[in-house]
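Novice: this one's structure only:
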Ligand SMILES: Nc1ncnc2c1ncn2[C@@H]1O[C@H](COP(=O)(O)OP(=O)(O)OP(=O)(O)O)[C@@H](O)[C@H]1O
Ligand SMILES: O=C(O)[C@@H](O)C(=O)CO
(Lines give C-alpha, C1' and ligand atoms only; values in the text may rest on other atoms or scores of the structure.)
(Ligands and ions follow the chains in the order given, each with its own letter.)
Protein backbone atom coordinates (compact mmCIF):
# COMPACT_ATOMS: atom_id res chain seq x y z
CA UNK A 1 0.00 0.00 0.00
CA UNK A 2 1.30 3.44 -0.96
CA UNK A 3 -1.48 5.74 0.06
CA UNK A 4 -3.76 5.47 3.06
CA UNK A 5 -6.99 7.42 3.51
CA UNK A 6 -8.76 8.04 6.80
CA UNK A 7 -12.29 9.20 6.00
CA UNK A 8 -14.55 10.67 8.67
CA UNK A 9 -17.69 9.26 7.06
CA UNK A 10 -18.69 6.54 4.61
CA UNK A 11 -20.00 8.67 1.76
CA UNK A 12 -16.85 10.76 1.96
CA UNK A 13 -14.81 7.56 1.82
CA UNK A 14 -16.52 6.36 -1.35
CA UNK A 15 -16.16 9.87 -2.81
CA UNK A 16 -12.38 9.86 -2.40
CA UNK A 17 -12.10 6.20 -3.41
CA UNK A 18 -13.95 7.15 -6.60
CA UNK A 19 -11.63 10.10 -7.33
CA UNK A 20 -8.52 7.99 -6.85
CA UNK A 21 -9.79 4.93 -8.75
CA UNK A 22 -10.79 7.13 -11.69
CA UNK A 23 -7.43 8.94 -11.94
CA UNK A 24 -5.13 7.44 -14.50
CA UNK A 25 -1.79 8.17 -16.07
CA UNK A 26 -0.07 6.31 -18.92
CA UNK A 27 -3.01 3.89 -18.99
CA UNK A 28 -2.54 2.95 -15.37
CA UNK A 29 -4.67 3.56 -12.28
CA UNK A 30 -4.17 2.80 -8.60
CA UNK A 31 -5.99 -0.21 -7.21
CA UNK A 32 -8.26 1.07 -4.43
CA UNK A 33 -9.96 -0.89 -1.65
CA UNK A 34 -12.58 0.76 0.53
CA UNK A 35 -12.91 -0.79 3.97
CA UNK A 36 -16.11 -0.44 5.97
CA UNK A 37 -14.39 -0.60 9.33
CA UNK A 38 -10.81 -0.83 10.45
CA UNK A 39 -9.68 -4.19 9.03
CA UNK A 40 -8.49 -6.78 11.49
CA UNK A 41 -6.16 -8.40 8.95
CA UNK A 42 -3.50 -7.18 6.51
CA UNK A 43 -4.54 -5.64 3.21
CA UNK A 44 -4.33 -7.63 -0.01
CA UNK A 45 -0.87 -7.16 -1.58
CA UNK A 46 -2.42 -5.85 -4.80
CA UNK A 47 -3.97 -2.84 -3.06
CA UNK A 48 -2.22 0.51 -3.74
CA UNK A 49 -4.66 2.65 -1.79
CA UNK A 50 -6.57 1.68 1.33
CA UNK A 51 -9.55 3.87 2.21
CA UNK A 52 -10.71 3.33 5.77
CA UNK A 53 -14.33 4.47 6.17
CA UNK A 54 -14.98 5.64 9.70
CA UNK A 55 -18.00 7.36 11.18
CA UNK A 56 -16.59 10.02 13.47
CA UNK A 57 -17.66 13.25 11.80
CA UNK A 58 -20.19 14.04 14.49
CA UNK A 59 -18.45 12.39 17.45
CA UNK A 60 -16.71 14.22 20.30
CA UNK A 61 -13.10 15.10 19.46
CA UNK A 62 -11.49 12.59 21.80
CA UNK A 63 -13.33 9.62 20.28
CA UNK A 64 -12.66 10.84 16.77
CA UNK A 65 -8.94 11.21 17.51
CA UNK A 66 -8.74 7.70 18.95
CA UNK A 67 -10.40 6.20 15.85
CA UNK A 68 -8.21 8.18 13.46
CA UNK A 69 -5.02 7.18 15.27
CA UNK A 70 -5.97 3.48 15.18
CA UNK A 71 -6.58 3.78 11.44
CA UNK A 72 -3.23 5.54 11.02
CA UNK A 73 -1.46 2.70 12.79
CA UNK A 74 -3.06 0.07 10.58
CA UNK A 75 -2.38 1.99 7.36
CA UNK A 76 1.25 2.52 8.36
CA UNK A 77 1.59 -1.18 9.09
CA UNK A 78 0.44 -1.84 5.49
CA UNK A 79 3.25 0.37 4.21
CA UNK A 80 1.33 3.58 3.41
CA UNK A 81 3.87 6.38 3.12
CA UNK A 82 1.28 9.12 2.68
CA UNK A 83 -1.93 9.64 4.60
CA UNK A 84 -4.92 11.68 3.51
CA UNK A 85 -7.37 12.71 6.19
CA UNK A 86 -10.64 13.16 4.28
CA UNK A 87 -13.40 15.37 5.69
CA UNK A 88 -16.37 17.00 4.04
CA UNK A 89 -16.05 19.45 1.16
CA UNK A 90 -18.45 21.63 3.12
CA UNK A 91 -16.16 21.33 6.16
CA UNK A 92 -19.00 19.84 8.26
CA UNK A 93 -18.11 20.42 11.91
CA UNK A 94 -19.10 22.58 14.85
CA UNK A 95 -16.91 25.06 16.79
CA UNK A 96 -16.24 22.13 19.15
CA UNK A 97 -15.80 19.84 16.14
CA UNK A 98 -13.08 17.34 15.47
CA UNK A 99 -11.44 18.35 12.17
CA UNK A 100 -8.88 20.41 14.12
CA UNK A 101 -8.15 17.85 16.87
CA UNK A 102 -7.93 14.94 14.41
CA UNK A 103 -5.71 16.93 12.03
CA UNK A 104 -3.42 17.97 14.89
CA UNK A 105 -3.25 14.45 16.34
CA UNK A 106 -2.34 12.90 12.98
CA UNK A 107 0.24 15.64 12.39
CA UNK A 108 1.78 15.03 15.82
CA UNK A 109 1.91 11.27 15.22
CA UNK A 110 3.61 11.85 11.87
CA UNK A 111 5.78 14.65 13.30
CA UNK A 112 4.79 17.25 10.73
CA UNK A 113 3.55 20.83 10.73
CA UNK A 114 2.44 23.08 7.88
CA UNK A 115 -0.15 20.50 6.74
CA UNK A 116 -2.50 21.46 3.90
CA UNK A 117 -6.20 21.68 4.75
CA UNK A 118 -8.21 22.08 1.55
CA UNK A 119 -11.86 20.98 1.30
CA UNK A 120 -12.32 22.34 -2.26
CA UNK A 121 -14.20 20.07 -4.70
CA UNK A 122 -14.72 22.29 -7.76
CA UNK A 123 -16.63 19.66 -9.74
CA UNK A 124 -19.41 19.82 -7.14
CA UNK A 125 -19.21 23.59 -6.74
CA UNK A 126 -17.13 23.75 -3.54
CA UNK A 127 -14.30 26.28 -3.87
CA UNK A 128 -12.06 28.12 -1.43
CA UNK A 129 -10.98 31.72 -2.03
CA UNK A 130 -9.17 33.93 0.46
CA UNK A 131 -9.93 31.27 3.04
CA UNK A 132 -13.69 31.47 2.42
CA UNK A 133 -15.58 28.34 1.40
CA UNK A 134 -18.18 28.72 -1.33
CA UNK A 135 -20.86 26.20 -2.33
CA UNK A 136 -22.14 26.73 -5.88
CA UNK A 137 -20.96 30.33 -5.72
CA UNK A 138 -22.62 31.08 -2.39
CA UNK A 139 -20.75 31.61 0.86
CA UNK A 140 -20.98 28.45 2.96
CA UNK A 141 -23.19 30.03 5.63
CA UNK A 142 -25.64 31.25 2.97
CA UNK A 143 -25.69 28.04 0.94
CA UNK A 144 -28.24 26.02 2.92
CA UNK A 145 -25.49 24.37 4.99
CA UNK A 146 -26.35 26.78 7.81
CA UNK A 147 -29.42 24.54 8.31
CA UNK A 148 -27.52 21.26 8.50
CA UNK A 149 -29.15 19.03 11.16
CA UNK A 150 -25.90 17.97 12.85
CA UNK A 151 -23.21 20.41 11.74
CA UNK A 152 -24.78 23.79 10.92
CA UNK A 153 -22.09 25.80 9.10
CA UNK A 154 -22.51 29.41 10.15
CA UNK A 155 -19.14 30.89 9.15
CA UNK A 156 -17.56 30.56 5.70
CA UNK A 157 -14.14 31.84 6.82
CA UNK A 158 -12.33 28.57 7.43
CA UNK A 159 -9.19 29.78 9.27
CA UNK A 160 -11.46 31.33 11.93
CA UNK A 161 -13.80 28.30 12.07
CA UNK A 162 -10.94 25.82 12.31
CA UNK A 163 -9.02 27.89 14.88
CA UNK A 164 -11.92 27.37 17.31
CA UNK A 165 -11.10 23.64 17.19
CA UNK A 166 -7.30 23.69 17.31
CA UNK A 167 -4.57 24.19 19.91
CA UNK A 168 -2.14 25.62 17.36
CA UNK A 169 -2.56 28.67 15.10
CA UNK A 170 -4.17 28.04 11.71
CA UNK A 171 -2.44 29.32 8.56
CA UNK A 172 -3.71 30.40 5.15
CA UNK A 173 -2.19 29.91 1.73
CA UNK A 174 -4.12 32.28 -0.47
CA UNK A 175 -4.49 32.08 -4.22
CA UNK A 176 -1.60 34.46 -4.95
CA UNK A 177 0.70 31.69 -3.70
CA UNK A 178 -1.12 29.02 -5.71
CA UNK A 179 -0.73 30.94 -8.96
CA UNK A 180 2.97 31.36 -8.13
CA UNK A 181 3.31 27.57 -8.45
CA UNK A 182 4.12 24.43 -6.47
CA UNK A 183 7.54 25.60 -5.27
CA UNK A 184 6.03 28.80 -3.84
CA UNK A 185 3.33 26.76 -2.09
CA UNK A 186 5.91 24.35 -0.66
CA UNK A 187 7.96 27.30 0.62
CA UNK A 188 4.87 28.88 2.19
CA UNK A 189 4.03 25.61 3.93
CA UNK A 190 7.60 25.42 5.23
CA UNK A 191 7.26 28.96 6.57
CA UNK A 192 3.92 28.09 8.18
CA UNK A 193 5.53 25.10 9.88
CA UNK A 194 8.38 27.27 11.16
CA UNK A 195 5.78 29.59 12.67
CA UNK A 196 4.12 26.69 14.48
CA UNK A 197 1.06 26.46 12.26
CA UNK A 198 0.02 22.82 12.11
CA UNK A 199 -2.96 23.14 9.75
CA UNK A 200 -2.97 25.55 6.84
CA UNK A 201 -6.15 26.31 4.90
CA UNK A 202 -5.36 26.49 1.20
CA UNK A 203 -7.33 28.30 -1.50
CA UNK A 204 -8.37 26.38 -4.62
CA UNK A 205 -10.98 27.56 -7.07
CA UNK A 206 -10.48 24.94 -9.77
CA UNK A 207 -8.82 21.61 -10.47
CA UNK A 208 -5.72 23.42 -11.77
CA UNK A 209 -5.21 24.99 -8.34
CA UNK A 210 -5.61 21.58 -6.73
CA UNK A 211 -3.01 20.11 -9.08
CA UNK A 212 -0.52 22.79 -7.99
CA UNK A 213 -1.28 22.09 -4.35
CA UNK A 214 -0.94 18.34 -4.89
CA UNK A 215 2.44 18.81 -6.57
CA UNK A 216 3.58 20.93 -3.62
CA UNK A 217 2.68 18.16 -1.14
CA UNK A 218 3.38 15.11 -3.33
CA UNK A 219 5.88 13.79 -0.77
CA UNK A 220 4.14 15.08 2.36
CA UNK A 221 3.36 12.39 4.95
CA UNK A 222 -0.02 14.02 5.66
CA UNK A 223 -2.55 15.92 3.56
CA UNK A 224 -6.04 16.86 4.73
CA UNK A 225 -9.11 17.95 2.82
CA UNK A 226 -11.89 16.95 0.50
CA UNK A 227 -11.62 14.33 -2.19
CA UNK A 228 -10.52 16.46 -5.11
CA UNK A 229 -6.93 17.08 -4.01
CA UNK A 230 -6.48 13.29 -4.12
CA UNK A 231 -6.50 13.25 -7.93
CA UNK A 232 -3.17 15.09 -8.11
CA UNK A 233 -1.74 12.95 -5.32
CA UNK A 234 -2.84 9.78 -7.12
CA UNK A 235 -1.17 11.01 -10.32
CA UNK A 236 2.06 11.52 -8.38
CA UNK A 237 1.89 7.96 -7.04
CA UNK A 238 1.28 6.62 -10.55
CA UNK A 239 4.26 8.64 -11.84
CA UNK A 240 6.31 7.08 -9.07
CA UNK A 241 5.49 3.61 -10.41
CA UNK A 242 2.20 2.70 -8.74
CA UNK A 243 -0.91 1.29 -10.37
CA UNK A 244 -2.04 -1.36 -12.81
CA UNK A 245 -3.56 -1.11 -16.30
CA UNK A 246 -6.75 0.85 -15.82
CA UNK A 247 -10.24 -0.44 -16.63
CA UNK A 248 -13.71 -0.04 -15.18
CA UNK A 249 -15.20 -2.66 -12.95
CA UNK A 250 -18.43 -3.98 -14.49
CA UNK A 251 -21.45 -4.40 -12.24
CA UNK A 252 -24.54 -5.89 -13.92
CA UNK A 253 -26.48 -6.66 -10.75
CA UNK A 254 -30.15 -6.76 -11.65
CA UNK A 255 -31.78 -8.00 -8.46
CA UNK A 256 -34.38 -6.29 -6.31
CA UNK A 257 -33.61 -2.74 -5.22
CA UNK A 258 -34.45 -0.28 -2.44
CA UNK A 259 -33.62 3.41 -1.93
CA UNK A 260 -33.07 4.68 1.63
CA UNK A 261 -32.83 8.43 2.21
CA UNK A 262 -32.03 9.82 5.65
CA UNK A 263 -30.59 13.11 4.44
CA UNK A 264 -32.46 16.40 4.72
CA UNK A 265 -30.07 18.20 2.38
CA UNK A 266 -31.53 20.22 -0.46
CA UNK A 267 -30.31 17.94 -3.26
CA UNK A 268 -31.61 14.81 -1.54
CA UNK A 269 -35.03 16.39 -0.97
CA UNK A 270 -35.28 17.09 -4.71
CA UNK A 271 -34.17 13.55 -5.51
CA UNK A 272 -36.75 12.11 -3.11
CA UNK A 273 -39.48 14.25 -4.66
CA UNK A 274 -38.59 13.14 -8.18
CA UNK A 275 -38.24 9.44 -7.39
CA UNK A 276 -41.33 9.20 -5.17
CA UNK A 277 -43.46 10.76 -7.93
CA UNK A 278 -43.42 7.44 -9.79
CA UNK A 279 -42.24 4.88 -7.24
CA UNK A 280 -43.78 3.55 -4.02
CA UNK A 281 -42.65 5.80 -1.16
CA UNK A 282 -42.72 5.41 2.61
CA UNK A 283 -42.07 8.47 4.77
CA UNK A 284 -40.55 7.76 8.16
CA UNK A 285 -42.03 10.49 10.32
CA UNK A 286 -40.12 11.45 13.45
CA UNK A 287 -43.20 11.28 15.70
CA UNK A 288 -44.20 7.86 14.35
CA UNK A 289 -40.68 6.53 14.81
CA UNK A 290 -40.40 7.86 18.35
CA UNK A 291 -43.86 6.52 19.18
CA UNK A 292 -42.99 3.03 17.87
CA UNK A 293 -45.64 3.30 15.13
CA UNK A 294 -43.14 2.56 12.38
CA UNK A 295 -40.50 -0.14 12.67
CA UNK A 296 -37.95 -1.77 10.34
CA UNK A 297 -40.31 -4.76 10.13
CA UNK A 298 -43.02 -2.42 8.79
CA UNK A 299 -40.53 -1.11 6.24
CA UNK A 300 -39.72 -4.67 5.14
CA UNK A 301 -43.43 -5.46 4.79
CA UNK A 302 -43.82 -2.30 2.67
CA UNK A 303 -40.94 -3.36 0.42
CA UNK A 304 -42.36 -6.88 0.00
CA UNK A 305 -45.80 -5.50 -0.82
CA UNK A 306 -44.40 -3.64 -3.84
CA UNK A 307 -43.46 -6.77 -5.79
CA UNK A 308 -41.18 -5.75 -8.68
CA UNK A 309 -41.47 -2.02 -8.12
CA UNK A 310 -38.52 -0.31 -6.44
CA UNK A 311 -39.58 1.55 -3.30
CA UNK A 312 -38.02 4.48 -1.50
CA UNK A 313 -38.04 4.78 2.28
CA UNK A 314 -37.15 8.26 3.45
CA UNK A 315 -37.10 10.61 6.42
CA UNK A 316 -36.00 13.69 4.49
CA UNK A 317 -37.91 16.79 5.56
CA UNK A 318 -37.56 20.55 4.97
CA UNK A 319 -35.58 22.72 7.45
CA UNK A 320 -38.60 24.21 9.28
CA UNK A 321 -40.12 20.79 10.08
CA UNK A 322 -36.66 19.45 10.92
CA UNK A 323 -36.14 22.20 13.52
CA UNK A 324 -39.58 21.56 14.96
CA UNK A 325 -39.08 17.82 15.51
CA UNK A 326 -35.51 18.32 16.76
CA UNK A 327 -36.86 20.70 19.42
CA UNK A 328 -39.64 18.27 20.29
CA UNK A 329 -37.55 15.08 20.58
CA UNK A 330 -33.92 16.25 20.77
CA UNK A 331 -31.61 16.25 17.73
CA UNK A 332 -29.16 13.65 19.03
CA UNK A 333 -31.90 11.25 20.16
CA UNK A 334 -33.62 11.50 16.77
CA UNK A 335 -30.36 11.06 14.88
CA UNK A 336 -29.59 7.89 16.83
CA UNK A 337 -33.11 6.47 16.31
CA UNK A 338 -33.10 7.27 12.59
CA UNK A 339 -29.63 5.74 12.13
CA UNK A 340 -30.81 2.59 13.88
CA UNK A 341 -34.02 2.46 11.85
CA UNK A 342 -32.21 2.71 8.51
CA UNK A 343 -29.48 0.29 9.61
CA UNK A 344 -32.00 -2.35 10.70
CA UNK A 345 -34.16 -1.80 7.63
CA UNK A 346 -31.15 -2.26 5.34
CA UNK A 347 -30.16 -5.47 7.10
CA UNK A 348 -33.68 -6.87 6.81
CA UNK A 349 -34.16 -6.02 3.13
CA UNK A 350 -30.76 -7.39 2.13
CA UNK A 351 -31.44 -10.57 4.11
CA UNK A 352 -34.70 -10.79 2.13
CA UNK A 353 -33.08 -10.62 -1.28
CA UNK A 354 -32.37 -6.97 -2.09
CA UNK A 355 -29.23 -6.77 -4.27
CA UNK A 356 -29.13 -3.06 -5.14
CA UNK A 357 -29.18 -0.51 -2.34
CA UNK A 358 -28.98 3.25 -2.79
CA UNK A 359 -28.47 5.28 0.39
CA UNK A 360 -28.55 9.06 0.76
CA UNK A 361 -26.80 10.88 3.61
CA UNK A 362 -23.43 10.46 5.26
CA UNK A 363 -24.60 9.46 8.73
CA UNK A 364 -27.30 7.28 7.24
CA UNK A 365 -24.84 5.57 4.90
CA UNK A 366 -22.44 4.92 7.76
CA UNK A 367 -25.17 3.32 9.83
CA UNK A 368 -26.38 1.23 6.89
CA UNK A 369 -22.98 0.08 5.65
CA UNK A 370 -21.83 -0.86 9.16
CA UNK A 371 -24.95 -2.91 9.77
CA UNK A 372 -24.42 -4.93 6.59
CA UNK A 373 -21.13 -6.28 7.95
CA UNK A 374 -19.33 -5.91 4.64
CA UNK A 375 -15.58 -5.87 4.92
CA UNK A 376 -14.35 -4.24 1.75
CA UNK A 377 -15.86 -3.13 -1.53
CA UNK A 378 -14.56 -2.45 -5.03
CA UNK A 379 -15.15 0.80 -6.85
CA UNK A 380 -17.45 0.59 -9.87
CA UNK A 381 -18.71 3.18 -12.36
CA UNK A 382 -19.36 6.80 -11.35
CA UNK A 383 -23.03 7.72 -10.89
CA UNK A 384 -22.38 11.42 -10.27
CA UNK A 385 -19.30 13.38 -9.21
CA UNK A 386 -18.38 12.07 -5.78
CA UNK A 387 -20.53 8.92 -5.94
CA UNK A 388 -19.45 5.59 -7.43
CA UNK A 389 -21.28 2.29 -7.52
CA UNK A 390 -19.67 0.08 -4.87
CA UNK A 391 -19.61 -3.66 -5.32
CA UNK A 392 -19.39 -6.03 -2.41
CA UNK A 393 -18.36 -9.36 -3.91
CA UNK A 394 -19.45 -12.48 -2.14
CA UNK A 395 -21.74 -15.43 -2.64
CA UNK A 396 -24.44 -13.00 -3.71
CA UNK A 397 -22.85 -9.72 -4.79
CA UNK A 398 -24.44 -6.50 -3.57
CA UNK A 399 -24.33 -3.18 -5.42
CA UNK A 400 -24.35 -0.16 -3.17
CA UNK A 401 -24.35 3.59 -3.62
CA UNK A 402 -23.56 5.79 -0.64
CA UNK A 403 -24.49 9.33 -1.60
CA UNK A 404 -23.49 12.43 0.27
CA UNK A 405 -26.57 14.52 1.06
CA UNK A 406 -25.92 17.30 -1.41
CA UNK A 407 -24.45 15.32 -4.29
CA UNK A 408 -26.15 14.32 -7.53
CA UNK A 409 -28.82 15.70 -9.82
CA UNK A 410 -32.58 15.27 -9.30
CA UNK A 411 -32.64 11.95 -11.22
CA UNK A 412 -29.85 10.45 -9.12
CA UNK A 413 -31.74 7.48 -7.66
CA UNK A 414 -33.02 6.14 -10.98
CA UNK A 415 -29.63 6.71 -12.56
CA UNK A 416 -27.86 4.82 -9.76
CA UNK A 417 -30.23 1.84 -10.05
CA UNK A 418 -29.82 1.72 -13.84
CA UNK A 419 -26.05 1.90 -13.68
CA UNK A 420 -25.95 -0.95 -11.16
CA UNK A 421 -28.04 -3.13 -13.45
CA UNK A 422 -26.53 -2.07 -16.81
CA UNK A 423 -23.13 -0.41 -16.51
CA UNK A 424 -22.43 1.98 -19.39
N1 LIG B 1 -37.30 13.43 9.67
C2 LIG B 1 -36.24 13.80 10.39
N3 LIG B 1 -36.39 14.42 11.56
C4 LIG B 1 -35.33 14.81 12.28
N5 LIG B 1 -34.05 14.61 11.91
C6 LIG B 1 -33.84 14.00 10.75
C7 LIG B 1 -34.90 13.55 9.93
N8 LIG B 1 -34.38 12.97 8.86
C9 LIG B 1 -33.06 13.04 9.00
N10 LIG B 1 -32.73 13.66 10.13
C11 LIG B 1 -31.38 13.95 10.65
O12 LIG B 1 -30.60 14.33 9.56
C13 LIG B 1 -29.37 13.61 9.60
C14 LIG B 1 -28.92 13.48 8.18
O15 LIG B 1 -27.60 13.18 8.18
P16 LIG B 1 -26.89 12.50 6.99
O17 LIG B 1 -25.45 12.62 7.28
O18 LIG B 1 -27.44 11.14 6.76
O19 LIG B 1 -27.29 13.39 5.75
P20 LIG B 1 -26.51 14.66 5.22
O21 LIG B 1 -25.96 15.40 6.38
O22 LIG B 1 -27.42 15.38 4.32
O23 LIG B 1 -25.37 13.99 4.38
P24 LIG B 1 -23.82 14.36 4.33
O25 LIG B 1 -23.27 14.14 5.69
O26 LIG B 1 -23.32 13.40 3.34
O27 LIG B 1 -23.76 15.78 3.87
C28 LIG B 1 -29.73 12.30 10.25
O29 LIG B 1 -28.67 11.69 10.90
C30 LIG B 1 -30.77 12.73 11.26
O31 LIG B 1 -30.11 13.16 12.41
O1 LIG C 1 -16.66 15.87 0.58
C2 LIG C 1 -17.86 15.69 0.46
O3 LIG C 1 -18.68 16.59 0.27
C4 LIG C 1 -18.38 14.29 0.61
O5 LIG C 1 -17.42 13.37 0.21
C6 LIG C 1 -18.69 13.94 2.02
O7 LIG C 1 -17.88 14.07 2.88
C8 LIG C 1 -19.94 13.30 2.26
O9 LIG C 1 -20.39 13.28 3.54
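Specialist: Okay, I see it. Just so it is clear, the model here is predicted, and its values are computed rather than measured. Numbering: from 1, shown residues only. Ligands and ions are numbered 1, 2, ... in the order given.

Novice: which elements pack onto the helix or strand bottoming out on mean pLDDT in the chain?
Specialist: Across the helices and strands of the chain, mean pLDDT, DSSP states H and E gives its lowest value to strand 244-245, namely a mean of 86. Where contact means 3 or more C-beta pairs under 8 Å, 6 or more residues apart in numbering; DSSP states H and E, strand 244-245 is packed against strand 28-29. The C-beta positions use only the backbone N, C-alpha and C, and glycine is treated the same way.

Novice: which residues does the strand it packs on contact?
Specialist: Strand 28-29 is contacted by residues 21-23, 234, 238, 242-246 when judged by C-beta atoms under 8 Å, 6 or more residues apart in numbering.

Novice: give the pairing partners of that strand; include direction for each.
Specialist: Strand 28-29 sits in its sheet next to strand 24-25 (antiparallel), strand 244-245 (antiparallel), going by DSSP bridges.

Novice: gap between the residue in the stretch 51-200 of the chain positioned nearest to ligand 1 and ligand 2?
Specialist: Nearest residue of the stretch 51-200 of the chain to ligand 1: residue 149, at 3.8 Å (C-beta to the nearest ligand atom). Using C-beta to the nearest ligand atom, to the nearest Å, one gets 13 Å for the distance from residue 149 to ligand 2.

Novice: ligand 1 contacts on the stretch 101-250 of the chain?
Specialist: 148-150 (C-beta under 6 Å from any ligand atom).

Novice: do the same with the stretch 251-400 of the chain
Specialist: So far as C-beta under 6 Å from any ligand atom goes, the stretch 251-400 of the chain lies against ligand 1 at 262-265, 268, 286, 315-317, 322, 325-326, 334-335, 338-339, 361-364.

Novice: can you pull out the helices in the stretch 101-250 of the chain?
Specialist: Ranges of helices within the stretch 101-250 of the chain are 158-163, 175-179, 182-194, 207-216, 229-239, based on DSSP state H, counting those that start in this stretch.

Novice: correct me, but the residue of the stretch 51-200 of the chain closest to ligand 1 touches residue 321?
Specialist: No. Contact criterion C-beta atoms under 8 Å: residue 149 and residue 321 do not qualify, at 11.2 Å.

Novice: who's more crowded, the two?
Specialist: Using other C-beta atoms under 10 Å as the criterion, residue 149 and residue 321 rank with residue 149 on top: 23 against 12.

Novice: count of residues packed around residue 259?
Specialist: The number of residues packed near residue 259 is 27, by other C-beta under 10 Å.

Novice: hey, what's it bridged with?
Specialist: Beta-bridge partners of residue 259, as defined by DSSP bridges: residue 312, residue 358.

Novice: so what's it up against?
Specialist: Listed by C-beta under 8 Å, 6+ apart, the contact partners of residue 259 are 275, 279, 310-314, 358-360, 413, 417.

Novice: and residue 353, how far is that from residue 98?
Specialist: Distance from residue 353 to residue 98, counting by C-beta to C-beta, to the nearest Å: 38 Å.

Novice: my bad, should have said residue 9
Specialist: Going from residue 9 to residue 98 by C-beta to C-beta gives 12 Å.

Novice: what's the overlap in contacts for these two?
Specialist: 56-57.

Novice: surely residue 316 touches residue 269?
Specialist: Yes. In terms of C-beta under 8 Å, residue 316 counts as a neighbour of residue 269; the distance is 5.1 Å.

Novice: can you redo the residues of the stretch 101-250 of the chain next to ligand 1 as TSV with pLDDT?
Specialist: TSV is the format used below for these (pLDDT from 0 to 100):
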residue	pLDDT
148	88
149	82
150	85
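
Novice: list just the nearest of these to residue 207.
Specialist: Within these, distances to residue 207 taken as C-beta to C-beta reach their minimum at residue 148, with 25.8 Å.

Novice: show me what contacts that closest one?
Specialist: Counting by C-beta under 8 Å, 6+ apart, residue 148 makes contact with 90, 92, 265.

Novice: out of the residues you listed, which sit inside strands?
Specialist: Of these, none are assigned to strands by DSSP state E.

Novice: and those residues, which is closest to residue 72?
Specialist: Distance to residue 72, by C-beta to C-beta, is smallest for residue 92 among these, at 21.1 Å.

Novice: for the nearest residue to that closest one once chain neighbours are set aside, give me its contacts.
Specialist: Closest residue in space to residue 92, ignoring its immediate chain neighbours: residue 151 at 4.0 Å, by C-beta to C-beta, 6 or more residues apart in numbering. By C-beta under 8 Å, 6+ apart, residue 151 lies in contact with 57-58, 92-94, 97.

Novice: the same query, at a cut-off of 10 Å, please.
Specialist: 57-58, 88, 90-94, 97, 145, 362 (C-beta atoms under 10 Å, 6 or more residues apart in numbering).

Novice: gap between it and residue 57?
Specialist: 7 Å.

Novice: also residue 125?
Specialist: Taking C-beta to C-beta, one finds residue 125 at 20 Å from residue 57.

Novice: repeat that for residue 187.
Specialist: Taking C-beta to C-beta, one finds residue 187 at 33 Å from residue 57.

Novice: ok so, going back, got the contact list for the least confident helix or strand of the chain?
Specialist: 24, 26-31, 46, 48, 238.

Novice: hmm, try it at 6 Å
Specialist: Here strand 244-245 makes contact (C-beta atoms under 6 Å, 6 or more residues apart in numbering) with 27, 31.

Novice: re earlier: between residue 353 and residue 98, which has more neighbouring residues?
Specialist: residue 98 (25 against 11).
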